[in-house]
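>>> quick one, fold the following:
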Amino acid sequence: MKSLLLFICLSVFSFGQDLNQLDSVQASQIANDFNNLNQKDYKFYKAIKSKQRPILGFIFVDPTLSEADVKDDLRDIRNCDKCFFVEFWFKDNIYRYQSTTLLSLEQIYPIWKKYFDPSAEVTKIEQSSENRKSTTPNTKFVLYDRLDGWQIENLKM
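Next comes the predicted model:
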């Protein structure tokens, strides 16, 4: 019974968490949770702050890659096939989840289900773009099927 109660509390916390009002520690925790949920054995590589835009990014890579391969793969972070990037926009020490791109629906689906739409079903997502909008109140998160993979994006920026 205690296990069930703990599971319910944690599920409500993660789904109910406002991804538009985070501090840097919460942003880091969410990025790590996305990594744990994506069904690949990626490792944390580094966090970077953009010099051009107010973006904090967390990079996770395939642990079998050499340092040279990682640098080569990261030249175009949006098309990295053995890594993924979790972006947060920030202003005045308030962080907002911005986006994540992964290669397949199977990888991104557990993230989508836990944080954006707990009633999501893979078959419905594949069938219609109407099933790719967050059910979280007062948010505009969308799941896109792109040529280079699947992306969750915050449109409320």
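>>> what's near enough to touch Ile152?
Under the criterion of CB atoms under 8 Å, 6 or more residues apart in numbering, the contact list for Ile152 reads Ser99, Thr100, Ile108, Ile111, Trp112, Phe116, Phe141, Val142, Leu143, Tyr144. From N, CA and C alone the C-beta is placed, and that goes for glycine too.
>>> gap between the fourth one and Asp33?
In this case it means Ile111. Per CB to CB, to the nearest Å, Ile111 is found 8 Å from Asp33.
>>> Gln140 - how many residues pack around it?
Careful, residue 140 is Lys and not Gln. Burial measure for Lys140: 13 neighbouring residues, criterion other CB atoms under 10 Å.
>>> can we start the residue count at 5 from this point?
Let's use 5 as the start, then, which means that last one is Lys144.
>>> OK, contacts around it?
Applying CB under 8 Å, 6+ apart, the residues near Lys144 are Lys137, Ser138, Asn158, Leu159, Lys160.
>>> quick one: the most centrally placed residue in the chain from Val90, how far?
The chain has Thr104 as the residue nearest its centroid, 4.3 Å off, counting by CA atoms, centre = their mean. Counting by CB to CB, the gap from Thr104 to Val90 is 5 Å.
>>> any shared contact partners between those two?
Contact with both Thr104 and Val90 is made by residues Phe38, according to CB under 8 Å, 6+ apart.
>>> tell me, how many neighbours does Asp96 end up with?
For Asp96, the number of neighbouring residues by other CB under 10 Å comes to 5.
>>> pLDDT value on it, please?
In this model, Asp96 is scored at 89, pLDDT.
>>> okay, it and Pro58: tell me how far apart.
Separation of Asp96 from Pro58 (CB to CB): 10 Å.
>>> isn't Ser103 right next to Glu157, touching?
Yes. With contacts counted by CB atoms under 8 Å, Ser103 reaches Glu157, the gap being 4.6 Å.
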